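[1] fold the following and give me the result.
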Amino acid sequence: MEKKKIGLLACIATGIGAIIGSGIFGSLPAEINEIGSAVILAFILATIYTIAKMFPAVYSSSIIPASGSFFLQPTKLIHPAVGLYMAIQNLLQPVLISVFAVLFADYFVSLFPALQGKERVVAVVILLVYAVLAYMGNYLFASINSLIVIVMLLAVAVYIFIGLPHINAAQIDFSEAMGSGVKFSSIAAAVSVLSSCLAGGSAVSQIADDVRNPRRDIPLALILSPVIVAVIYILMSIVTLGCMQGSEVTTLADVASNFMGGGLVVFFVVGGPLCGVLTSMVPVIMLTCAQIQAAAECDVFPEFLAKKNKHGVSTWILVYVMAFAIICAGAGLSFGVLMTIFSAVNALADIPTCIVPFFLKKRYPHACNYPGIKFNFTFVAVMAVFAAVVAAILAVSAFKSLGASVYLMILGFMALAVVYFIIRIRYLKGKGRDLFAELKVPFDDWEAREAECKALDEAK
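    The predicted structure is shown next:
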């Protein structure tokens, strides 16, 4: 029986779901509390940055799509050492999944006050439920996700259109965003967090093997998802700033209660934050598993991890991803700390993914002549350089905002990863194998595509 494939609408829904859940319902309140009305400037800058770094991803996805491309492209096109860093970063992705679980628990408890104090339990339970759904395969996972995204968008529309007439314009101080009241470093750290949220739509590019027409559908989803969500983000931030009571925002549900009746607030919480967080978990779980899968198939990780179940999912990789997320959620780390950790590490990983088009153009010149969607390479190159520079600035800003204990935690994880790679390289060398040499071997699908396109060029 032929494996079912994901279509364009499901790709876009997956991207929108990933972005909205991780951004608006968690990061917006946290960043408003941190920098106030300057969050609007941060959103604009985050959108510009996200669109800039979107083009390199769109360009490469339209030419050589592949599941786990965030690992494969830097490894095969730039250098295996870069691929090893990407593999380490991939191992930290479950931190973001735990962010969603923590956020889900916060909003869920607001609906059921009797569970107050049981947020960790709620977070762990939802992770276990999603582990079961992920085990059933990407097609089923994405299909369920598409339905939830529809409900979420309805809830977001209710929040925006009912909230707009109730805005107190005096509470939106644009001079605060432009003045000296907020430090550049604080805005840069906020941009780092918000751009990580906006970039969630790129998850669909990591499951190219499950997409019906990857060279067309993935680039279109990468373009449309963040553009649609950027407009929604700005509208929701204006409503939140204009309707909040007091100096701080706890959750968007509290803000909604200022201009909605009880029934609508419940619908907003269920359809908005709860559905939004759930839709974010789906693509990030798929993305994380796909990237680790790609690394395992290249023997960066033990071979047994790459073995898939009948639904096309590696059981062992899924166990690692969800267990890590459960440990983080169970440890009681706050949303803000978890999101900042992810954003800092993610910003560093953005640098190699941004510059991939330069190496792609050199390695596969004929394939570049036949993309699924055509772009001017000079324009893509300018966007790639701009995005790589900004990614470096954001990474530094995010790391500066972390505390000493979090630094030690990250350094400890990185040290363990380095020790693992040293052991892995020596283990394979003992078997007469050179891991770096093997990682340099070109990817068969890309070579076949280049040969096909070369024949087309020669036939002209």
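[2] what is the neighbour count of residue 388?
    18 (other CB atoms under 10 Å). (Each C-beta comes from the backbone N, C-alpha and C, glycine too.)
[3] now name the helix or strand holding it.
    Taking DSSP states H and E as the criterion, residue 388 maps to helix 377-400.
[4] that helix packs against which elements?
    Packing partners of helix 377-400 (3 or more CB pairs under 8 Å, 6 or more residues apart in numbering; DSSP states H and E): helix 38-61, helix 184-198, helix 335-363.
[5] where among the ones you listed is the average confidence lowest?
    Lowest mean pLDDT within the helices and strands packed on helix 377-400: helix 184-198, at a mean of 66.
[6] after that helix, next one along is what?
    Following helix 184-198 in sequence order, the next helix or strand is helix 214-243 (DSSP H and E).
[7] you'd agree residue 111 is up against residue 269?
    Yes. Using CB atoms under 8 Å, residue 111 makes contact with residue 269 at a distance of 5.7 Å.
[8] who's more crowded, these two?
    Neighbours per residue (other CB under 10 Å) separate residue 111 from residue 269, with residue 269 holding more: 22 against 14.
[9] what's the spacing between residue 145 and residue 105?
    Look at residue 145 and residue 105: by CB to CB, to the nearest Å, they are 20 Å apart.
[10] okay, now the unreliable bits of the stretch 201-350 of the chain?
    Counting by pLDDT under 70, the stretch 201-350 of the chain shows low-confidence ranges at 201-208, 246-247, 332-343.
[11] can you map out the helices along the stretch 1-150 of the chain?
    8-22, 28-35, 38-61, 69-73, 80-91, 94-111, 119-135, 138-163 (DSSP state H, counting those that start in this stretch).
[12] quick check: mean pLDDT of stretch 397-407?
    For stretch 397-407, mean pLDDT is 71.
[13] I meant stretch 448-459, not that one.
    In the prediction, stretch 448-459 has an average pLDDT of 90.
[14] can I get that stretch as PDB, trimmed to CA atoms?
    Taking Å, rounded to 0.1, in the frame of the first residue of the first chain, the C-alpha atoms of stretch 448-459 are listed here in PDB:
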ATOM      1  CA  ALA A 448      20.600  12.000  -8.900                       C
ATOM      2  CA  ARG A 449      18.800  15.300  -9.200                       C
ATOM      3  CA  GLU A 450      21.900  17.100 -10.400                       C
ATOM      4  CA  ALA A 451      22.600  14.400 -13.000                       C
ATOM      5  CA  GLU A 452      19.000  14.700 -14.200                       C
ATOM      6  CA  CYS A 453      19.200  18.500 -14.500                       C
ATOM      7  CA  LYS A 454      22.600  18.300 -16.100                       C
ATOM      8  CA  ALA A 455      21.100  16.100 -18.800                       C
ATOM      9  CA  LEU A 456      18.400  18.600 -19.400                       C
ATOM     10  CA  ASP A 457      20.900  21.500 -19.800                       C
ATOM     11  CA  GLU A 458      23.000  19.500 -22.200                       C
ATOM     12  CA  ALA A 459      19.900  18.600 -24.300                       C
END
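[15] how about that stretch: buried residues?
    Using 16 or more other CB atoms under 10 Å as the burial criterion, the residues of stretch 448-459 that qualify are 449-450, 453.
[16] between those residues, which is closest to residue 132?
    residue 449 (36.2 Å; CB to CB).
[17] surely that closest one meets residue 367?
    Yes. When contacts are counted by CB under 8 Å, residue 449 is listed as touching residue 367 (5.0 Å).
[18] what sits in contact with each of those two?
    Counting by CB atoms under 8 Å, 6 or more residues apart in numbering, the residues touching both residue 449 and residue 367 are 63-64.
[19] now for residue 258: which residues touch it?
    Under the criterion of CB under 8 Å, 6+ apart, the contact partners of residue 258 comprise 166, 243-245.
[20] likewise for residue 113?
    Residue 113 sits next to no residue when contact means CB under 8 Å, 6+ apart.
[21] just use 52 as the starting number from now, easier for me
    From this message on, residue numbering opens at 52, which makes the last subject residue 164.
[22] and the gap between it and residue 116?
    If you go by CB to CB, the gap between residue 164 and residue 116 works out to 47 Å.
[23] before we move on, what about residue 102?
    20 Å.
[24] so the two - more neighbours on which side?
    A direct count of neighbours by other CB under 10 Å for residue 102 and residue 116 places residue 116 higher, at 25 against 16.
[25] give me the phi and psi angles of that one.
    Dihedral angles of residue 116 (phi, psi; degrees, to the nearest 10) stand at phi -70, psi 150.
[26] next: residue 308.
    With angles defined as degrees, to the nearest 10, residue 308 sits at phi -70, psi -10.
[27] what is the burial count for it?
    Residue 308 sits with 18 neighbouring residues when counted by other CB under 10 Å.
[28] so what's it up against?
    Taking CB under 8 Å, 6+ apart, we find residue 308 in contact with residue 316.
[29] and it, how far from residue 95?
    Per CB to CB, residue 308 is found 28 Å from residue 95.
[30] got the CA positions of stretch 435-443 in CSV?
    Extracted in CSV, the C-alpha atoms of stretch 435-443 (Å, rounded to 0.1, in the frame of the first residue of the first chain):
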residue,chain,number,x,y,z
ALA,A,435,21.3,35.0,3.5
VAL,A,436,24.2,37.3,4.5
PHE,A,437,21.9,39.7,6.3
ALA,A,438,20.1,36.8,8.2
ALA,A,439,23.4,35.2,9.2
VAL,A,440,24.8,38.4,10.7
VAL,A,441,21.5,39.1,12.6
ALA,A,442,21.5,35.5,13.8
ALA,A,443,24.9,35.9,15.3
